[in-house]
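Novice: A predicted structure for the sequence below; I have some questions about it.
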Amino acid sequence: MPKPLKKTNKRRKNIVNRTRNSCIHFDVTEEESKMIQIKMKQLNTKNRSAFLRKRAIDGYVIKIDYSNVKKCTIELNKVGVKINYIAKKINSSNQVFHEDIIELKKLLTDVLTLQKSILEK
């Protein structure tokens, strides 16, 4: 008894014993489509499916760890909050407390330490 035809994408005809039987569909903007066409021309290929499949399988995957950047952003926010607090105190009482300046310097040191560790990686 012959194998039944596999139902595929509307744009494709039913094909028996198809090697690639799983379809992946994604949308692109016109600009992205033009960029894909340019890259295909650079490689002198006209088969978009083969080009995209090759790029998806053999292309580079780059994962960037932003955890240190997030920590640095949090510390910078603390510095900004402290500066606003000091400015408010100065505007209301014309006084700056030595402890506030020490805390601000410590926060800035923490930010610089984080920044240095990020740049060393």
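Specialist: Arrived safely. Numbers count the residues shown, from 1 in each chain.

Novice: which secondary structure element contains T73?
Specialist: T73 is part of helix 67-93 when elements are defined by DSSP states H and E.

Novice: Can you name the element that comes right after that helix?
Specialist: Next along from helix 67-93, by DSSP H and E: helix 98-120.

Novice: circling back: okay, the angle between the helix holding T73 and helix 98-120?
Specialist: Inter-element angle recorded for helix 67-93 and helix 98-120: 160 degrees (by axes from the mean of the first three to the mean of the last three C-alpha atoms, to 10 degrees).

Novice: Helix 67-93: which residues count as buried?
Specialist: 72, 75-76, 78-79, 82, 86 (16 or more other C-beta atoms under 10 Å). For glycine as for every other residue, the C-beta is placed from the backbone atoms N, C-alpha and C.

Novice: who are the neighbours in contact with the closest residue to T45 other than its chain neighbours?
Specialist: The shortest distance from T45 to any residue other than its chain neighbours is 5.2 Å, reached at F51 (C-beta to C-beta, 6 or more residues apart in numbering). Neighbouring residues of F51 by C-beta atoms under 8 Å, 6 or more residues apart in numbering: 36, 39-40, 43, 45.
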